Each structure stands twice: as structure tokens, then as C-alpha cells.
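Peer 1: Just to be clear, the model below is a prediction. Sequence and coordinates:
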Amino acid sequence: TGAAVTIGWGLFVLLISYFLLADANRVSNEMVHIDLPGYSSDLQRLGNELGRIWNAFLRGQLILTLLIAVSYASLLGILGMRFALGIAILAGFGRLVPYIGPLVLWIVTALVAYFQGGNYFGLDPLAYAILVLACALVLDQLFDNLIAPRLMGQTLGVHPAAVLVTAIIAAQLIGLIGLLLAAPAVATLKLLTDYFTRKMFDLDPWPEEEFDRQAAELPWVKAITNLRNWWN
């Protein structure tokens, strides 16, 4: 609730500020312009890299969350699980926290399957819980190894353990917002740290082998492109 109120007031302040500036003819095409002699190209490159990080994360995470929620709802519905929709929503948002999110999801799924009281496969509770958990693990492996890498690419370039530690600290400091934005925040901090460190040691701040990362791509985009090329 606190996070929702903070986001709401932030959007309200931005909206009112924009209209006040627009009425005063103070809105320019470029809202923020910083011109430091000798650093113009670096600032432009930093802006492009930061935009790439946050755009890829927000867009990719939203699509990935929706895909996981729909997939889990379909899978658990086929298996006859109770509370399939609630568990599917938990699965989608659990992806925001590495390691802990999937672990909590697996525990909740196994407990619900064990205690739900019956299933149309005629299995005992333990066997049914194992079946449901195995299907969930297979589905997670498909997303981890096939869909998520193509969707997110290698845009963030940070280790999941670093994201986990940052998420725990940020959640304690600023709540839900810190938990959601831990991954791009770590990537942003890494980008700025690498830039300043390389500049201090007179190194190339933009080594091509490090910044030539795979762009985020929807899983079906390549198939559609290949089909269009074949048709042409």
C-alpha cells in the first residue's frame, strides 16, 4: 500500500509539473540537457546504456511475468490444482526475486497439492504433490533456459546472487519498490562504477566485448522474421 501511494503521488507531481511548464511555454524537446566539455559523447553513451538497461528490464520483466502466470494457470488447471490462479500470480511475481521467489513458489505449490484433499488422477496426496512439483520444475526450466534468455537477452549483465543481495537490502530500506527495481539498480550501479573506474585509469570506458550484448527479443520474433523472409 505504501509503495502504491508513493508511485501515485510521484506520477501526480510529474503530471502537474508538466502542465505547469507547458502553460508557461517552458517545456523543451529535451527535458534535461547536460553539456560538459570533453564528456558530451560519454554522457550520451551513458544515457543510451541506461535507457537500454531499464527499457529491457521493465518491458522484458512485464512480458515474462505475464507469460509465467498464464503458463502456470494453464498447467495447474490441467492438473486439477486448487487455487491455480493465485499460485500462477505468485509464480509471475516470484520471478522478480532470484532463488527465493521460485523456492517459495515450489513450497507453496507442493503444500497446496498435498493438502487439497483429492485429485482426478486417483493418486495419493504425496504422489500427487510430487507430480505437480515435477511439472512446475520442468516448466521453470523451460523458462530459465529457453524463453527468459531470449526475452531478456544479456542486457543487465549482473549475477543473480548480486541481485538477490540487493533485493533483500532494498526491500528493508524502501519496501516493495526496492524489491522490484533491485535488478536494474544493480546493473546501473555496475555501469557507472565500470565507467568511472576505467576513466580513472585512462582505459577505454566502452570496450566493445563488454557492451556488445544480445538485445532483448521476444521468443516468437525470430520465428516470425524467418517466416517473413521465407515468404519474400
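Peer 2: Thanks, I have the structure now.

Peer 1: Quick check on residue 102: phi, psi?
Peer 2: Backbone torsions of residue 102, given as degrees, to the nearest 10, read phi -60, psi -40.

Peer 1: That one against residue 94, yeah?
Peer 2: Yes - look at residue 102 against residue 94 with CB atoms under 8 Å: they come within range, at 5.9 Å. Any C-beta I mention is one placed from the backbone N, CA and C, and that applies to glycine too.

Peer 1: which of these two has more neighbours?
Peer 2: residue 94 (22 against 18; other CB atoms under 10 Å).

Peer 1: Nearest to the spatial middle of the chain, which residue is it?
Peer 2: Geometric centre of the chain, nearest residue: residue 61, 3.2 Å, by CA atoms, centre = their mean.

Peer 1: and stretch 63-78, average pLDDT?
Peer 2: Throughout stretch 63-78, pLDDT has a mean value of 91.

Peer 1: For it, list every residue counted as buried.
Peer 2: Buried residues in stretch 63-78, defined by neighbour count with 16 or more other CB atoms under 10 Å: 63-65, 67-69, 71-73, 75-76.

Peer 1: Longest helix in this protein, by number of residues?
Peer 2: helix 40-79 (DSSP state H).

Peer 1: what's the offset of that helix from the middle of its chain?
Peer 2: Put simply, helix 40-79 sits 5 Å off its chain's centre (CA atoms, centre = their mean, to the nearest Å).

Peer 1: so where's the protein uncertain?
Peer 2: 18-38, 149-157, 176, 208-225 (pLDDT under 70).

Peer 1: all helices of it, in order?
Peer 2: 2-23, 40-79, 84-94, 100-115, 125-142, 148-152, 160-174, 176-180, 182-200, 208-211, 221-231.

Peer 1: how much does the longest one deviate in direction from helix 182-200?
Peer 2: Note on geometry: by axes from the mean of the first three to the mean of the last three CA atoms, to 10 degrees, helix 40-79 and helix 182-200 are set 160 degrees apart in direction.

Peer 1: helices and strands around helix 40-79, which ones?
Peer 2: For helix 40-79, the elements it packs on are helix 84-94, helix 125-142, helix 148-152, helix 182-200, judged by 3 or more CB pairs under 8 Å, 6 or more residues apart in numbering; DSSP states H and E.

Peer 1: Before I go, just wanted to say thanks for your time.
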